[in-house]
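Peer 1: Requesting a structural model of the entry that follows:
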Amino acid sequence: MNLVYDYMLHLLTEYSKLFKYRPVITKNAVEVCSCLGKDMIKEYKKLSKVKGPSHASPCTMHPPYDDHQLQALQNLKLNLTKQVEFWEAARRE
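Peer 2: Predicted coordinates:
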């Protein structure tokens, strides 16, 4: 089992080398310390406390498809599947 974890670590390490992003500390960066005083933590908790329920609903559902839209979606899916199968067949030849 250790070999699996070693391999996963190797893959992630190699994959991370492909990224172009490199973290940089800016000139005006401020270090945030976890050793804040109890008063600051208490004030933060008080400010971030939820004061009441939200007036917005948690999510909105899209209206259901009508028959025409559903048929168009199924046709699109069928055409894309046939196109991929055609490409696969052409590549095998």
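
Peer 1: quick check, distance from the helix or strand of the chain with the lowest mean pLDDT to the centre of its chain.
Peer 2: One helix or strand of the chain scores below all others by mean pLDDT, DSSP states H and E: helix 38-48, with a mean of 78. A distance of 30 Å separates the centroid of the chain from that of helix 38-48, by Cα atoms, centre = their mean, to the nearest Å.

Peer 1: Which SSE is immediately downstream of that helix?
Peer 2: Note on helix 38-48: by DSSP states H and E, the next helix or strand toward the C-terminus is helix 67-92.

Peer 1: Lys38: neighbouring residues, count only.
Peer 2: Per other Cβ atoms under 10 Å, the neighbour tally for Lys38 reads 7. C-betas here are computed from N, CA, C, even on glycine.

Peer 1: wait, I meant Arg92
Peer 2: When counting by other Cβ under 10 Å, one arrives at 6 neighbours for Arg92.

Peer 1: And for Asp66?
Peer 2: When neighbours are defined as other Cβ under 10 Å, Asp66 has 9 of them.

Peer 1: when you give positions from now on, start the count at 232
Peer 2: With the count now opening at 232, the last piece we talked about shows up as Asp297.

Peer 1: Next one: it from Leu304, what distance?
Peer 2: Using Cβ to Cβ, to the nearest Å, one gets 11 Å for the distance from Asp297 to Leu304.

Peer 1: contacting residues for Leu249?
Peer 2: For Leu249, no contacting residues are found, by Cβ atoms under 8 Å, 6 or more residues apart in numbering.

Peer 1: Okay, and it sits in which element?
Peer 2: If you go by DSSP H and E, Leu249 is not part of any helix or strand.

Peer 1: Same check on Tyr246?
Peer 2: With DSSP H and E as criterion, Tyr246 is part of helix 233-247.

Peer 1: So, low pLDDT: which residues of the protein?
Peer 2: The model of the chain has pLDDT under 70 over residues 232-233, 264-268.

Peer 1: And the helix holding Tyr246, what's buried?
Peer 2: By 16 or more other Cβ atoms under 10 Å, helix 233-247 has no buried positions at all.

Peer 1: Please compute how far that helix lies from its chain's middle.
Peer 2: 21 Å.

Peer 1: As PDB, could you dump the C-alpha coordinates of it?
Peer 2: C-alpha atoms of helix 233-247 as PDB (Å, rounded to 0.1, in the frame of the first residue of the first chain):
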ATOM      1  CA  ASN A 233       2.900   2.400   0.600                       C
ATOM      2  CA  LEU A 234       3.800   2.100  -3.000                       C
ATOM      3  CA  VAL A 235       0.400   3.400  -4.000                       C
ATOM      4  CA  TYR A 236       0.900   6.500  -1.800                       C
ATOM      5  CA  ASP A 237       4.400   7.000  -3.200                       C
ATOM      6  CA  TYR A 238       3.100   6.800  -6.700                       C
ATOM      7  CA  MET A 239       0.300   9.300  -5.900                       C
ATOM      8  CA  LEU A 240       2.800  11.700  -4.400                       C
ATOM      9  CA  HIS A 241       5.000  11.400  -7.400                       C
ATOM     10  CA  LEU A 242       2.100  12.100  -9.800                       C
ATOM     11  CA  LEU A 243       1.000  15.100  -7.800                       C
ATOM     12  CA  THR A 244       4.500  16.500  -7.600                       C
ATOM     13  CA  GLU A 245       5.100  16.100 -11.300                       C
ATOM     14  CA  TYR A 246       1.600  17.600 -12.100                       C
ATOM     15  CA  SER A 247       2.300  20.600  -9.900                       C
END
